[in-house]
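Novice: Output the structure for:
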Amino acid sequence: MVTVLDKLTSKDFALATLLSQLQGNFEAKAAVRTSEVEAQFGQQLGSIEVEKRPWERVQEKAGEASSQFADVVGRVKNIRSSLDGMISRIVKAEQVSTGDTNWAGYAAVFDSLLAGFVNLAEDGTAPNLLGVAEPKLTYEISPTGATTSVQGAHLGSDYYIVDSEGKWWVPDRDARNLKRYDEFPDMPANEAGAFENGLQLDSLVGDAITFTVGPDTGSPTQYTGTIFRDDLQVVDSWFYDGLETQDGRDRAIAALNAAKEAVDLELTRYEVTQSVAIFYEQRAIQTLEGLTKESNDLLIEQAIEIQKAQDELTRQFTAATNSITLAISQQVNYTELFAPFINERFSAAFIDLTA
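Specialist: Down below sits the predicted model:
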């Protein structure tokens, strides 16, 4: 055994040099073989990554659409609940059997619920499918870039009246009145009728309307014109006689039931569109899971191949170092023994000279 106190011979130096060369050669071969295996699997792994990208985009866009539709479905359900609440207020008022019915109070709640569901329709994440603009929502459904679109539908309840002089009458639900405009919306006139006791419906034939502003004042003013009703076509309580007459209540309930039918159709449509978006999102997720598994399997196979190569090179290196010991004892020619492992001419000549 050689210690730090022993004098090194030329043969010891040659042996150390040879072992160093063998170690470097082994490490170089291991690196080359690892690169070869990685290159062998790299093309397949790269192809999988390329294939995954468009599916990741489909998952993202379909997921965003699914979330959007979930929000829309929730708001449509709330709108329907508001319509039910308006009907229940009318029914409850009709069931009062003692004392004077507070029609003004029921009418105020009716108007509040109407304003509430109109706001629900208008307040939504862009693109707001329930808003007055009625936009489309388009999203990707395929890695080829194919898309599908869902058309929005306004679920508010707007109306306005154009009188015989061409002036517009537009509801202000915050102020709870019907306001006249010389030119809408930039030139408001100095005239308005409050929903409570300030407006009276005189007649309605089709869309031809006659109404009075300030019916209980000393100077009531009657107007004729045409009413334009959009979307769910529910009007504020004054249009239904402040809910005080049976005819007014019947017309209100008829309008609300018609609105509920329209809302139910839209609810079904959006529930279906949500299910479709979820389908495309889940299909993308499952495809990506399959591609990820395929990629992971290849990575495992690659690791096994690299380990096999390293094990084989380790076996060769061990055999070579063992042969050194045997060669020393038998004084064989190193150059011939280690020719398969050493390519440098200088090292080979050096080993031959010192053997």
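Novice: How many residues are close by S237?
Specialist: 28 (other C-beta atoms under 10 Å). For the C-beta atoms, the positions are set from N, CA and C on the backbone; glycine is no exception.
Novice: F195 is in contact with that one, correct?
Specialist: Yes: assessed by C-beta atoms under 8 Å, S237 is found in contact with F195 at 6.0 Å.
Novice: where do the contact lists of those two overlap?
Specialist: 107, 111 (C-beta atoms under 8 Å, 6 or more residues apart in numbering).
Novice: quick one: contacts of stretch 207-225?
Specialist: For stretch 207-225, using C-beta under 8 Å, 6+ apart, the contacting residues are 161-164, 169, 178, 191-193, 197-204, 226-229.
Novice: Out of these, which sit inside helices?
Specialist: Judged by DSSP state H, helices contain none of the contacts of stretch 207-225.
Novice: Keep only those of those that are in strands.
Specialist: Counting by DSSP state E, the contacts of stretch 207-225 place 161-163, 169, 178, 191-193, 199-204, 226-229 in strands.
Novice: which of those count as buried?
Specialist: Buried subset of these (neighbour count, 16 or more other C-beta atoms under 10 Å): 161, 163, 169, 178, 191-193, 199-201, 227, 229.
Novice: so which of these comes closest to T287?
Specialist: R229 (47.8 Å; C-beta to C-beta).
Novice: Isn't that closest one up against Y159?
Specialist: Yes: if you go by C-beta under 8 Å, R229 and Y159 touch, sitting 4.5 Å apart.
Novice: Between the two, which contacts overlap?
Specialist: What both R229 and Y159 touch, as defined by C-beta under 8 Å, 6+ apart, is the set V235.
Novice: Name the helix or strand for the residue nearest to the spatial centre of the chain, please.
Specialist: What sits nearest the mean C-alpha location of the chain, by C-alpha atoms, centre = their mean, is E64, with 1.3 Å. For E64, the element it lies in under DSSP states H and E is helix 10-94.
Novice: Tell me the helix or strand right after that helix.
Specialist: The first helix or strand that comes after helix 10-94 along the chain, using DSSP H and E, is helix 103-122.
Novice: Next, the angle from the helix or strand following that following helix to helix 10-94.
Specialist: Once the chain leaves helix 103-122, the next helix or strand it forms, by DSSP H and E, is strand 136-140. Taking axes from the mean of the first three to the mean of the last three C-alpha atoms, to 10 degrees, one finds strand 136-140 and helix 10-94 inclined to each other by 150 degrees.
Novice: Give me the contact list for the helix or strand following strand 136-140.
Specialist: The helix or strand immediately downstream of strand 136-140 is strand 147-151, counting by DSSP H and E. With contact meaning C-beta under 8 Å, 6+ apart, strand 147-151 is reached by 65, 69, 129, 134, 136-141, 273, 276.
Novice: Return the member of the residues you listed nearest to R89.
Specialist: Among the contacts of strand 147-151, and counting by C-beta to C-beta, the member closest to R89 is L129, at 28.3 Å.
Novice: Tell me, how many residues neighbour the closest one?
Specialist: By other C-beta under 10 Å, 28 other residues sit near L129.
Novice: so who does it touch?
Specialist: L129 neighbours (C-beta under 8 Å, 6+ apart): 68, 72, 135, 137, 150, 152-153, 270.
Novice: pLDDT check: weakest of the residues you listed?
Specialist: Of all the contacts of L129, P135 carries the smallest pLDDT score, 91.
Novice: Tell me both backbone torsions, phi and psi, for that residue.
Specialist: Main-chain dihedrals, P135, degrees, to the nearest 10: phi -80, psi 170.
Novice: Does it touch P127 like I think?
Specialist: Yes: contact criterion C-beta under 8 Å: P135 and P127 qualify, at 3.9 Å.
Novice: intersection of neighbour lists for those two?
Specialist: Common contacts of P135 and P127 (C-beta under 8 Å, 6+ apart): G152.
Novice: Which other helices and strands does the helix holding E64 contact?
Specialist: helix 103-122, strand 136-140, helix 246-330, helix 345-354 (3 or more C-beta pairs under 8 Å, 6 or more residues apart in numbering; DSSP states H and E).
Novice: okay, the angle between that helix and helix 103-122?
Specialist: Going by the same axes, to 10 degrees, helix 10-94 makes 150 degrees with helix 103-122.
Novice: could you give the angle of helix 10-94 to strand 147-151?
Specialist: Using the same axes, to 10 degrees: helix 10-94 against strand 147-151 is 20 degrees.
Novice: residue contacts, N177?
Specialist: N177 neighbours (C-beta under 8 Å, 6+ apart): 171, 192-195, 198.
Novice: can you put these in CSV and add pLDDT and distance to V50?
Specialist: Output for these, formatted as CSV (pLDDT from 0 to 100; distance: C-beta to C-beta, whole Å):
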residue, pLDDT, distance to V50
P171, 96, 57
A192, 96, 65
G193, 96, 67
A194, 96, 67
F195, 95, 63
G198, 96, 69
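Novice: Tabulate those in CSV, adding columns for distance to N296.
Specialist: Output for these, formatted as CSV (distance: C-beta to C-beta, whole Å):
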residue, distance to N296
P171, 62
A192, 70
G193, 72
A194, 70
F195, 66
G198, 73
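Novice: care to break this structure down by domain?
Specialist: Here the domain parsing of the chain from automatic domain parsing is 1-156+234-355, 159-229.
Novice: Determine which of the ones you listed shows the lowest mean per-residue pLDDT.
Specialist: In terms of mean pLDDT, the lowest-scoring of these is domain 1-156+234-355 (a mean of 82).
Novice: now the helix holding E64, how far from the chain's geometric center?
Specialist: Averaged C-alpha coordinates place helix 10-94 at 16 Å from its chain's average position (C-alpha atoms, centre = their mean, to the nearest Å).
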